[in-house]
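Participant: need a structure here:
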Amino acid sequence: SDGQTLGKPVLLGPPEAVLGTVEEFFCELDKVPGGLSVLYKLFKDDYLIGDYSAYTGEPAKFLILVKHTHDGRFICEASGQNNTEVTPSFSDPKRFKVIEKAEAARITSEPDSEALWEGESVTLQCSVISGTYLSYEWQLNDSLVVHRYNRSRGQLTIQRLSTSDSGVYSCLASNHFNGSLYSTSTTALVVRVKEPVGGAVSMKIFRTVEHDFEIMSVWLQCSVERGTVPHYYWFLNNTLLKNPGLFHFVLRPDDSVLAFILDPQSTGIYHCEAANAFNNVTRVQSPKRLISKEGNCVGPVSV
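Facilitator: This next block holds a predicted model:
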């Protein structure tokens, strides 16, 4: 047997297994030179898993309690038992996947899902306590999301949010083994996309009239065409009216209604402005209206 080169051994075993199970791997040579005892070694990514001495030409058998560290590439080496004159040979590598069942998924949001504005971006991350080789499925209000995402990464990024992206998000993380499906669903995450103020601002006018048809009091109501959380500001002759005032008051919580007794002090040109309640940056303005007791009229103003 001295000076001989062995043929290529064949490594047999499952392509994947569930974490914690016991699996069998076999390694054998098609032809063993007569009288040669063969030493088989099983490696995982250059780390020795085990060895087996075959004295009668039988295949090597390796029993493995599957651990996370076994995920990777297996290879078998065949050499002469206590015989350095025999040149070792190696099997083709065999990929082995360790399947851990998906458990306890949850969703996190960056930035916070309660503080999102139209046009901003958000990344939702679906994380699991345990699980390997997972596939992820995202749902919005129990329907598949329309945005594209990588099913193997567990991450959903929406680059430009719109109000249609608001709703209840959930994630299903799953993997499978030998025809069995293992899955875990997250608890729901509510995403609220706020729409900034925009569009037209209107100002409705309501009044109380005495028996002589004289206007006594006026209620003004301001509304903006778009905006999830608007806040309103009132102006008389381009001066901001603070609340409460000498002759007026503003109804909370969004200050959308202004009420006042109509007298010479309150006569003038009114308008309202709408702004985002959280940042007060963008403002849109209503048309201006002249409200006068002397003229007993409520009319538009050309500015």
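
Participant: name the residues of the helix or strand harbouring residue 50 that come out as buried.
Facilitator: Using DSSP states H and E, residue 50 maps to strand 47-54. Across strand 47-54, burial judged by 16 or more other C-beta atoms under 10 Å covers 49, 52, 54. For every residue, glycine as well, the C-beta is placed using N, CA and C.

Participant: what's the first helix or strand after it?
Facilitator: Counting by DSSP H and E, what follows strand 47-54 is strand 60-65.

Participant: burial measure for residue 165, as a count.
Facilitator: The number of residues packed around residue 165, counting by other C-beta atoms under 10 Å, is 19.

Participant: per-residue confidence for the nearest residue to it once chain neighbours are set aside?
Facilitator: With C-beta to C-beta, 6 or more residues apart in numbering as the criterion, residue 165 has its nearest non-adjacent residue at 5.2 Å, and that residue is residue 193. On pLDDT, residue 193 comes in at 92.

Participant: contact partners for residue 193?
Facilitator: Neighbour list for residue 193: 116, 117, 118, 161, 162, 163, 165, 166, 228 [criterion: C-beta atoms under 8 Å, 6 or more residues apart in numbering].

Participant: name whatever forms a beta bridge with it.
Facilitator: residue 116 (DSSP bridges).

Participant: please tell me how far it sits from residue 115.
Facilitator: 10 Å (C-beta to C-beta, to the nearest Å).

Participant: cool, residue 105 as well?
Facilitator: Residue 105 is 23 Å from residue 115, by C-beta to C-beta.

Participant: out of these two, which sits in the busier spot?
Facilitator: Between residue 105 and residue 115, residue 105 has the larger neighbour count (other C-beta under 10 Å), namely 23 against 12.

Participant: please pull out the lowest mean pLDDT helix or strand from the protein.
Facilitator: Lowest on mean pLDDT, DSSP states H and E among the helices and strands of the chain sits strand 297-300, with a mean of 57.

Participant: poorly predicted segments of this structure, please.
Facilitator: Scanning the chain for pLDDT under 70 picks out 1-3, 211-215, 294-303.

Participant: what's the domain layout of this structure?
Facilitator: Domain ranges of the chain: 10-98, 103-194, 198-296, per automatic domain parsing.

Participant: those into CSV, with extra columns for distance to residue 4?
Facilitator: Formatted as CSV, these follow (distance: least, C-beta to C-beta, whole Å):
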stretch, distance to residue 4
domain 10-98, 5
domain 103-194, 41
domain 198-296, 81
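
Participant: and stretch 145-152, what's buried?
Facilitator: Applying 16+ other C-beta under 10 Å to stretch 145-152 flags 145, 149 as buried.

Participant: endpoint to endpoint, that stretch covers what distance?
Facilitator: 16 Å (C-alpha to C-alpha, to the nearest Å).

Participant: same check, this time on stretch 111-121
Facilitator: Terminal residues of stretch 111-121 are spaced 8 Å apart (C-alpha to C-alpha).

Participant: which residues touch residue 159?
Facilitator: residue 121.

Participant: and it, what are its phi and psi?
Facilitator: Residue 159 has phi and psi values of phi -70, psi -40 when expressed as degrees, to the nearest 10.
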